[in-house]
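>>> Test case, fold it:
(one chain, ligands or ions: 1)
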Amino acid sequence: MKKILITGGAGFIGSHVVRLFVTKYSEYQIYNLDALTYAGNLENLADIENEPNYTFLKGDITDESYITNLFEKHQFDGVIHLAAESHVDRSIEDPMAFVKTNVIGTVNLLNAARKLWANNTEGKRFYHISTDEVYGSLGAEGLFTETTSYDPNSPYSASKASSDHFVRAYGETYGLPYVLTNCSNNYGPNHFPEKLIPLFINNIITNKALPVYGDGNYTRDWLFVVDHARAIDLVFHEGINHETYNIGGFNEWKNIDLVQLLCSIMDDKLGRVVGESAKLITYVKDRPGHDLRYAIDANKINKQLGWEPSVTFEQGLEITVNWYLNNADWLNNVTTGEYATYYKKQYLK
Ligand SMILES: Cc1cn([C@H]2C[C@H](O)[C@@H](COP(=O)(O)OP(=O)(O)O[C@H]3O[C@H](CO)[C@@H](O)[C@H](O)[C@H]3O)O2)c(=O)[nH]c1=O
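This is a model prediction of the structure:
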């Protein structure tokens, strides 16, 4: 039996990874460690919470002694580390929260794994999930590859870049067996409505302004979250030690074009006249240090591990929009419930 620790498993991407591992690998014991901050939500895992190979642990990766004891107690064989503060706008307001969770939290986990596996690294693996934002901003041309230099611009991406460096340093210095992936923008069910797609779906439903930063001509590469989880499964099991893989959707959209598309889908779903939702588009002050364009060259994971997205953007958006329309309670809980303090402050002014 393998014991796998998944950190941040109650969050958006983490919950999809936990579900995939719990349902696909009945021979593994999956431990989901999550601090249940505003973005962590056990409702995301209600369908698998009683599975015999699943254990939820409420805890904080910044708590060094808790993490040390946890590793001693459970003797994990693998770690899939997704716990992170992830929202760029929040990092601009409170960089230290990002240093604590993303840097110190990651180093706590690395230390615990290194100690636990000091005498035998056979079959052990530390998998760090990171972001394409560590590479900084592209101009109109080019793609991020695994050899692109790091050039982070926001406190969020600086914290993730730092954590990536720590993971590689532990590989070089202590021989820690690791793999690392840098992924583009995810979307899909369970995404907290502070990020572009779920925020705008929620605002269209509730007839609130759609705040497009700057001129809206910023470009992101969008990937359906379930396809990211499939990639994580593949890299965890078949990725080569000490290697990095970029994961992307081969799917670039300018923000304003994406928002227009979303508005037309929502008009259709909500039975509104064509153009009704787009009237909510409001250009607002730009995000400071806003990266112009992210675009991933996902050829390495495609060629070496045979991964590619399983759904088109149209299919993924259809699933996502339907999920939000069918899960009004989830949306209501995260925007008005006990975890919603930040949300209320930011978006319900
Ligand atoms: C929330 C919000 C965002 N935007 C813009 C900013 C970006 O150009 C684009 C997407 O913004 P966000 O949804 O915040 O995502 P972004 O900053 O690209 O970062 C995401 O994607 C990254 C991967 O690229 C992840 O590492 C981050 O955790 C994740 O938050 O939309 C708006 O124009 N208005 C908004 O209200």
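
>>> contacts and neighbour counts: CA atoms only from here.
Will do.

>>> residue contacts, Asp297?
Shown in contact with Asp297 (Cα atoms under 8 Å, 6 or more residues apart in numbering): 143-145, 246-248, 250.

>>> got it, and Phe12?
39-40, 44, 189-192.

>>> so which of those is the most crowded?
Asn190 (27 neighbours; other Cα atoms under 10 Å).

>>> can you pull the contacts of it?
Listed by Cα under 8 Å, 6+ apart, the contact set of Asn190 reads 11-12, 44.

>>> Go through the contacts of Phe12 and name the one nearest Leu82.
Nearest to Leu82 among the contacts of Phe12 is Gly40, at 11.5 Å by Cα to Cα.

>>> count of residues packed around the closest residue to the closest one other than its chain neighbours?
Spatial nearest neighbour of Gly40, excluding adjacent residues (Cα to Cα, 6 or more residues apart in numbering): Gly11 at 4.3 Å. Counted by other Cα under 10 Å, the residues lying close to Gly11 total 29.

>>> The ligand versus Gly11, what's the distance?
Taking Cα to the nearest ligand atom, to the nearest Å as the measure, Gly11 falls 11 Å from the ligand.

>>> repeat for Leu176
From Leu176 to the ligand the distance is 24 Å (Cα to the nearest ligand atom).

>>> Quick one: end-to-end distance for stretch 114-123.
Using Cα to Cα, to the nearest Å, one end of stretch 114-123 lies 14 Å from the other.

>>> likewise stretch 74-85?
25 Å.

>>> Residues touching it, excluding its own?
2-9, 11, 13-14, 34, 61, 97-98, 101-102, 106, 116, 123-130, 156, 236.

>>> Among those, which are located in strands?
2-7, 34, 125-130 (DSSP state E).

>>> Please spell out the ChimeraX selection for the buried subset of these.
Buried members of these, defined by 16 or more other Cα atoms under 10 Å, are picked up in ChimeraX with:
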select :3,4,5,6,7,34,125,126,127,128,129,130
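
>>> What is the nearest of the ones in strands among the contacts of stretch 74-85 to the ligand?
When those are compared for distance to the ligand (Cα to the nearest ligand atom), Ser130 wins out at 6.8 Å.

>>> So which of the contacts of Asn190 are in helices?
Phe12 (DSSP state H).

>>> Tell me the one among the contacts of Asn190 nearest to His290.
For these, the nearest to His290 is Phe12 (22.9 Å; Cα to Cα).

>>> what about the stretch 151-300 of the chain, any weak spots by pLDDT?
For the stretch 151-300 of the chain, no stretch has pLDDT under 70.

>>> And the helices in the protein?
Secondary structure of the chain by DSSP H: the helices cover 12-24, 64-74, 88-93, 95-98, 105-116, 155-174, 196-205, 225-238, 255-270, 299-305, 313-326, 328-336, 341-347.

>>> Which among those is found nearest to Thr55?
helix 12-24 (9.9 Å).

>>> next one: the closest one to chain centre, how far?
Distance of helix 12-24 from its chain centroid, counting by Cα atoms, centre = their mean, to the nearest Å, is 12 Å.

>>> How about it, which residues are buried there?
Buried residues in helix 12-24 (16+ other Cα under 10 Å): 12-22.

>>> So Ile104 is in contact with Asp63, correct?
No. Contact criterion Cα atoms under 8 Å: Ile104 and Asp63 do not qualify, at 9.2 Å.

>>> quick one: the nearest residue to Ile204 once chain neighbours are set aside and Phe21, what's the gap?
The shortest distance from Ile204 to any non-neighbouring residue, by Cα to Cα, 6+ apart, is to Ser277 (6.2 Å). Ser277 sits 38 Å away from Phe21, going by Cα to Cα.
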